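Colleague: no sequence on this one, just coordinates:
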């Protein structure tokens, strides 16, 4: 464990004592959000992202040490463990290196070398490999044994060279040398298996160095190969690599050099390179997947942390053609007030009838804003809305909302439980309305993979994707906090320490006993014991409590400190007072508390019950509609960042076709990653560069705007 802690400290550039204490907290069953928020003194203020990285690396390094122990035990049982092998295993930094070391001893399926050994040709191979004496025809002939299946000198020599080829192929040092060379000098080459135009046309004749190829290209190439559009190879300097192997194996003035050369070339072409090429491809794919996961995670975080539209009555508008547009109205708490269907779009085109339905609902329920889904028929629906809202007696605007995942929710078990008597199609409209009202509370009900903010999400390891995205949602939910008296089981299930069954018990307790009146009452919930209480209490808010601290992120374990502070200052004084670093240090000393925790308490007392999302830019409220034909190069517009990829940002400028602001157009200076400039949900000013109406493509720039 000491070795693992040392490695983690070096990788994360933090103190060993700090790592050891953090690992201790994780091993005790504390969650990442709890440690990040309430154990800052122990971790040195590590963020939730750093803690998750530490946890991932800790798991990997523990698996590595476990595998090393297994290999040592296996080699001891075979009586093959030498001091040199043990030393090499100790030095190994990756599972790949450990497997390379174990490779020569691993039980193999029957290979050409295995068969040659069964024929008694190993001594001949050893003689050639030793390179001490000439191995002439007479020496080879002594191994002819028809009973063992060796009828000629040629067969004996071929078998011996097969054994040598396998020895060379199993050499961990050689494999590492080749792998490093392939990574540094290799080129990914793709060629088309068809001449038909496809999404992969740009890869029909394509080359890029292994070291430089970007992740989204790797994933695109992999998909093209799977779909039989592409053939993929990695080109390497074969002659140079073979020379490296020869230099390692062939002695100066070797009497068997010509035989060794044949064995080495066979080893490289037949055994080593096909295996290393697969490893390089796997490595590139893993790196690309990690980048895709990182991109997806960042997009998801910003999507679900978009500011809520509080205190407004919202109309959800799910557009469609033949089956009609589904309309719902929800109140400021998300409760369904009304639902209906209208047909303003083709083929029915019942414009006047639909206008009356919408305007009557707006008047009756005092609707403030329309949440319009961006799916099928949204262009026609937006035109219809923009025109009729001008006639409303109330000032009503509309917001275009991504409806990705709404159909998933509407057909889900949760959707059925929430609205058992409501048709599936109307549940989707409710989701569209609620995701504008409170994106976090609504989007947690949907599998994050269905939210449309990923890049090649179907091409990456699905288990890893689910784990990563669940971690992101968990961190977001806990950073905002959850109202225990209104939260759904889905939302509660992401709170630190709360399992799905505990979430159900909380809701059941609430239904049977009425609203929670304090955090202490959580302990009355079945299966919510002291440990779970410790993990979840600070993240659950109780606005109805008589204790103001129950509606803040101050943990109950720190209430006595917070109460002492409130005796020194009133809440009104705390709201305006700015404490100097010296004052905070002195106060921390007097109260016997860590400075990071004290700062968090003071921050909460300044704005009790605050929602950190409210400080983010609100979505764009629209009252008029734009067509792609209205766009002209040079036109400046406000837009909302809908999705981010490695190569740029897709921005909604209100024409139902997101424009692409390429990474080179995001800033005047060099941009390493689009995330350095923008985030999903950002409201930005852009300029139109070009419009291709035929292909529905819009190019945007943020330069000089």
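Modeller: Looks like it arrived, so ask away. As the structure is a computational prediction, the values presented were derived from the model and not from experiment. Residues are numbered from 1 along each chain as shown.
Colleague: Once you drop chain neighbours, what's closest to residue 102?
Modeller: Excluding the flanking residues, the one nearest residue 102 by C-beta to C-beta, 6 or more residues apart in numbering is residue 71, at 4.8 Å. Every C-beta, even on glycine, is put in place using the N, C-alpha and C of the backbone.
Colleague: check contacts around the one you found.
Modeller: Taking C-beta atoms under 8 Å, 6 or more residues apart in numbering as the contact definition, residue 71 lies against 89, 98, 101-102.
Colleague: For residue 466, state which of those is nearest.
Modeller: residue 98 (27.4 Å; C-beta to C-beta).
Colleague: Now do the closest one, the pLDDT please.
Modeller: Residue 98 is assigned 95 on the pLDDT scale.
Colleague: Residues in contact with the helix or strand harbouring it: which ones?
Modeller: Taking DSSP states H and E as the definition, residue 98 sits inside helix 95-102. Under the criterion C-beta under 8 Å, 6+ apart, residues 63-64, 67-68, 71, 74-75, 85, 88-89, 92, 172, 175-176, 279 lie in contact with helix 95-102.
Colleague: Please apply the same query to stretch 192-206.
Modeller: 188-191, 220-221, 223-224, 227-231.
Colleague: and that stretch, which residues are buried?
Modeller: Of all the residues in stretch 192-206, those buried under the rule 16 or more other C-beta atoms under 10 Å are 192, 200, 203-204, 206.
Colleague: Can you give me the first-to-last residue distance of that stretch?
Modeller: End-to-end span of stretch 192-206 (C-alpha to C-alpha, to the nearest Å): 9 Å.
Colleague: And for stretch 563-576?
Modeller: Stretch 563-576: ends 18 Å apart by C-alpha to C-alpha.
Colleague: So for it, what gets flagged as buried?
Modeller: 565-566, 574.
Colleague: about what we covered before: as JSON lines, the contacts of stretch 192-206 with distance to residue 495 and pLDDT would be great.
Modeller: Formatted as JSON lines, the contacts of stretch 192-206 follow (distance: C-beta to C-beta, whole Å; pLDDT from 0 to 100):
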{"residue": "188", "distance to residue 495": "44", "pLDDT": "97"}
{"residue": "189", "distance to residue 495": "50", "pLDDT": "97"}
{"residue": "190", "distance to residue 495": "46", "pLDDT": "97"}
{"residue": "191", "distance to residue 495": "52", "pLDDT": "96"}
{"residue": "220", "distance to residue 495": "38", "pLDDT": "93"}
{"residue": "221", "distance to residue 495": "41", "pLDDT": "96"}
{"residue": "223", "distance to residue 495": "37", "pLDDT": "94"}
{"residue": "224", "distance to residue 495": "42", "pLDDT": "95"}
{"residue": "227", "distance to residue 495": "41", "pLDDT": "94"}
{"residue": "228", "distance to residue 495": "46", "pLDDT": "95"}
{"residue": "229", "distance to residue 495": "45", "pLDDT": "95"}
{"residue": "230", "distance to residue 495": "45", "pLDDT": "96"}
{"residue": "231", "distance to residue 495": "50", "pLDDT": "97"}
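Colleague: And the strands in the stretch 301-450 of the chain, which stretches?
Modeller: With DSSP state E, counting those that start in this stretch, the ranges of strands along the stretch 301-450 of the chain come out as 314-318, 325-330, 336-342, 369-373, 397-401.
Colleague: mind putting those strands in CSV, mean pLDDT, mean neighbour count and distance to residue 255 included?
Modeller: Output for those, formatted as CSV (pLDDT from 0 to 100; neighbours: other C-beta atoms under 10 Å; distance: least, C-beta to C-beta, whole Å):
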stretch, mean pLDDT, mean neighbour count, distance to residue 255
strand 314-318, 97, 28, 82
strand 325-330, 97, 25, 86
strand 336-342, 97, 18, 90
strand 369-373, 95, 26, 79
strand 397-401, 91, 21, 79
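Colleague: Of the ones you listed, which is nearest residue 249?
Modeller: Among those, strand 397-401 sits nearest to residue 249 (C-beta to C-beta), with 65.1 Å.
Colleague: State the distance from the residue lying closest to residue 67 once chain neighbours are set aside to residue 78.
Modeller: In space, and not counting its chain neighbours, residue 67 is closest to residue 98: 5.4 Å by C-beta to C-beta, 6+ apart. Per C-beta to C-beta, to the nearest Å, residue 98 is found 16 Å from residue 78.
Colleague: okay, these two: which has more neighbours?
Modeller: Set residue 98 next to residue 78 and count neighbours by other C-beta atoms under 10 Å: residue 98 wins out with 20 against 10.
Colleague: do you know how far the more buried one is from residue 3?
Modeller: 14 Å.
Colleague: With residue 477 instead?
Modeller: 35 Å.
Colleague: For those two, indicate the residue with more neighbours.
Modeller: Between residue 477 and residue 3, counting by other C-beta under 10 Å, residue 477 is the more crowded of the two (25 against 11).
Colleague: Locate that one within the secondary structure: which element?
Modeller: helix 462-480.
Colleague: Report the strands that pair with the following helix or strand past that helix, each with its relative direction.
Modeller: As assigned by DSSP H and E, the chain's next helix or strand after helix 462-480 is strand 482-483. Using DSSP bridges, strand 482-483 pairs in its sheet with strand 540-541 (parallel).
Colleague: quick revisit: reformat the contacts of stretch 192-206 as a markdown table; add secondary structure.
Modeller: Shown next, in a markdown table, are the contacts of stretch 192-206 (DSSP: H, G, I helix; E, B strand; the rest coil):
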| residue | secondary structure |
| --- | --- |
| 188 | strand |
| 189 | strand |
| 190 | strand |
| 191 | strand |
| 220 | helix |
| 221 | helix |
| 223 | helix |
| 224 | helix |
| 227 | coil |
| 228 | coil |
| 229 | coil |
| 230 | strand |
| 231 | strand |
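Colleague: pLDDT weak spots in the chain?
Modeller: Applying pLDDT under 70 to the chain flags the ranges 455.
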